[in-house]
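Visitor: what follows is a predicted structure for the sequence shown.
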Amino acid sequence: MKKTNIYTIFGVLFNIIFLFGNCTNLLPEFMKGLCVGLGFTLIFFGIYSENHSISQLRNYKKMLFNKILPK
């Protein structure tokens, strides 16, 4: 069995926060929608990254952060 990646873990965490907030009505509707959308996006990205290489995206993010925050 493969090790679960960080994207899937955070996606499930956001969906758990949504379910908890939905049952207790502690979160406003905007936050619930944000948790669901972000959770599903991270889960699908985690599934994609298990089968495909995301090194180009990782390099692009590093380059973008280096441009924004120079050393």
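Guide: Looks like it came in fine.
Visitor: may I see the buried residues of the helix or strand encompassing residue 44?
Guide: For residue 44, the host element (DSSP states H and E) is helix 29-51. Judged by neighbour count using 16 or more other CB atoms under 10 Å, the buried positions of helix 29-51 are 32, 35-36, 38-39, 42-43, 45-46, 49. To be clear about C-beta, it is placed using only N, CA and C from the backbone, and glycine gets the same treatment.
Visitor: helices or strands up against that helix?
Guide: helix 6-24 (3 or more CB pairs under 8 Å, 6 or more residues apart in numbering; DSSP states H and E).
Visitor: can you give me the angle the helix it packs on makes with helix 29-51?
Guide: In terms of direction (axes from the mean of the first three to the mean of the last three CA atoms, to 10 degrees), helix 6-24 departs from helix 29-51 by 150 degrees.
Visitor: which residues of the chain score low on pLDDT?
Guide: For the chain, residues meeting the criterion pLDDT under 70 lie at 1, 71.
Visitor: spatially central residue for it, please.
Guide: In the chain, the C-alpha nearest the mean C-alpha coordinate belongs to residue 42, at 3.2 Å (CA atoms, centre = their mean).
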